[in-house]
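Chemist: sequence and predicted structure below; questions after.
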Amino acid sequence: MIKRELYQEVIFETIKKGATVISKDVKEAFERSIAIETASAAKEGLEKTLKSIELSVEKDNPACPDTGWPLFYFKVGNECELEGGFMALEEATREAVKKATKQGYLRATMKHPLTGYDPGDNVGMNIPAFTYKFVNGTNIEVTYVAKGGGSECFGGTRHRVIAFADGITGIEKFIIDCYIASTRAGAICPPSILGVGIGGTANVAANLAKEAACLRTIGSVHPEPMIHKIEDELYEALNNLGIGAMGTGGKVSVFAVNVEYAYTHIAGIAVATSSNCMVARRATSRIYNDNKVEALDSPNWFEGR
Amino acid sequence: MAVHYLNIPLKNEDTEDLKLNDLVYISGPIFTCRSRLQRYIFDEGHTLPFSTKDRNCLIHVGPIVIKEQGKWELVSFMPTSSIRFEKWGAQSVADWNLKMIVGKTTMGEKTAAMMKEKKCVHVSPQCVSPNLWVDSIKIEDVYLFDELGSIEASWHMQLDKLGPFVVDIDCEGNNLYNRLDVIIGENKEKAYEMLSIPKDFQYTKLY
């Protein structure tokens, strides 16, 4: 049985790490991009961003003040036992978000959508948001994602439904057009990690796109060759657009393209995009029934898909 | 591409000297502003509770600020997207006599037209580097904290060579990103070719 006190503390530490420590795969993407970028403004932008990311660990400060929407992804073992059950897990998560906000690891960004009322602690109607996946096992993995407003609000997350007849051509055109529009003047803080969801209802496609952007590591590939090929082709095409870091013009326009799909009603194919900003923030911890805790580099969200 | 070290309050001579793509570092007193402040002033009819005469640079930013032993401490700072304030852009430039706006995503045509009239410029960050910036910023004061909350309040800050920011709207109303749009537009055609998307492709109209 995992003690409530323990999982609340682990969730708090996961939030703190997610906000302040950038994952290894993201840092490596910066290093690779700096090495190949030839446009001076874009190269300097990447270098300064990486330097700031490194300082955030030293200063114990958020890597970006826009800590955005607090999103939690729980991968739950079927035999995992939580003290207080899942309602307690969600309550503990809300408490951890409040504490992280109070201590300055998260900005008090979440507000009432109509009045703008600020509770000051990032907790309100349907926020933080919870997503669950159930697997075999006796542990629970929690991934915290800080989903920034730039990449979410300015065209980084979109969807449309296309005819089956328009196929991959229609899907890829939609992605190219969206990406150009959303990176103008650095809106979504490119180079982004672009998630794409294809199929399912619109919300299923949008969730897959969000999870592909935020929960897959840079360099991971879809196991099915047809999807992997689409990822590679889109990656090449997007990196030939000349968008560059923060839209200032340059060689590196996207860090990764991650595609996920769902079976669908072929009357209309939902296609969705979700962009994660270059300062992509996430952290994952695993807690076992015997209260042992591990930090993980990857959320492993799509293992087994 | 020239590099400029500017002191606030800015004069027309300062902004007239700035060309698109130039880099600027800013020193002196600024104020922060986001949606709720502009709605509070321009839509709800309140008066700005301070003078912008010697503080004619506005930064679109929602900083993380915490109170440590009774003193405000800046934790993190990254300019946010200006385009969403376009509704109030021209009025803020005119009423507050601004000479510079700092933010991401540039601004629209109406604001640019007013900027031209008032010799105001817009500058934007080329990186996401809050931890390189916090040491260049001292918090002086805060206004409307109780009314608007921590990130929407107007923070008054004293800057010491904060930058670099790239000039993206000059005081003639020209926009750097309109120029980049042309290059990226040409590259888009090549991307379509790479993906075998026909030039005349039309979506089937489903609704």
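Modeler: Done, it's in. Here the structure is a predicted model, which is why all the values come from computation and not from measurement.

Chemist: got a list of what the spatially most central residue of chain A touches?
Modeler: For chain A, A:Cys214 is the residue whose C-alpha lies nearest the centre (Cα atoms, centre = their mean; 2.0 Å). Shown in contact with A:Cys214 (Cβ atoms under 8 Å, 6 or more residues apart in numbering or on different chains): A:Leu71, A:Val145, A:Lys147, A:Ile193, A:Gly195, A:Ser274, A:Asn276, A:Ala280, A:Arg282. For every residue, glycine as well, the C-beta is placed using N, CA and C.

Chemist: element containing it?
Modeler: For A:Cys214, the host element (DSSP states H and E) is helix A:202-215.

Chemist: chain center to that helix, what's the gap?
Modeler: Offset of helix A:202-215 from its chain centre (Cα atoms, centre = their mean, to the nearest Å): 9 Å.

Chemist: for stretch A:148-155, same thing?
Modeler: 12 Å.

Chemist: CA atoms only for that stretch, dumped as PDB, please.
Modeler: Extracted as PDB, the C-alpha positions of stretch A:148-155 are listed here (Å, rounded to 0.1, in the frame of the first residue of the first chain):
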ATOM      1  CA  GLY A 148       2.900  26.600 -21.600                       C
ATOM      2  CA  GLY A 149       0.500  29.100 -22.900                       C
ATOM      3  CA  GLY A 150       2.600  30.200 -25.900                       C
ATOM      4  CA  SER A 151       2.500  26.700 -27.500                       C
ATOM      5  CA  GLU A 152      -1.100  26.100 -26.500                       C
ATOM      6  CA  CYS A 153      -2.800  29.400 -27.300                       C
ATOM      7  CA  PHE A 154      -1.300  30.600 -30.500                       C
ATOM      8  CA  GLY A 155      -2.100  27.900 -32.900                       C
END
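
Chemist: who's in contact with that stretch?
Modeler: Stretch A:148-155 has contacts (Cβ under 8 Å, 6+ apart) with A:64, A:66-69, A:109, A:156-157, A:178, A:181-182, A:187-189, A:192, A:275-277, A:279, A:281, B:80-81, B:83-84, B:104-105.

Chemist: helix or strand: which one has A:Val271?
Modeler: Here A:Val271 sits within strand A:269-276, counting by DSSP H and E.

Chemist: partners of that strand in the sheet?
Modeler: In the sheet, strand A:269-276 lines up against strand A:158-162 (antiparallel), strand A:192-198 (antiparallel) (DSSP bridges).

Chemist: so what does the top helix by length along chain B touch, helix or strand wise?
Modeler: In chain B, with assignment by DSSP state H, the single longest helix is helix B:176-194. For helix B:176-194, the packing partners by 3 or more Cβ pairs under 8 Å, 6 or more residues apart in numbering or on different chains; DSSP states H and E come out as helix A:167-183, helix A:225-238, strand B:154-169.

Chemist: quick revisit: would you mark the buried spots in the helix holding A:Cys214?
Modeler: Neighbour counts over helix A:202-215 (16 or more other Cβ atoms under 10 Å in any protein chain shown) mark A:Val204, A:Ala205, A:Ala206, A:Asn207, A:Leu208, A:Ala209, A:Lys210, A:Glu211, A:Ala212, A:Ala213, A:Cys214, A:Leu215 as buried.

Chemist: in TSV: those, plus distance to B:Glu117 and pLDDT.
Modeler: Shown next, in TSV, are those (distance: Cβ to Cβ, whole Å; pLDDT from 0 to 100):
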residue	distance to B:Glu117	pLDDT
A:Val204	50	98
A:Ala205	46	98
A:Ala206	42	97
A:Asn207	47	97
A:Leu208	48	98
A:Ala209	43	98
A:Lys210	43	98
A:Glu211	47	98
A:Ala212	46	98
A:Ala213	41	98
A:Cys214	43	98
A:Leu215	48	98
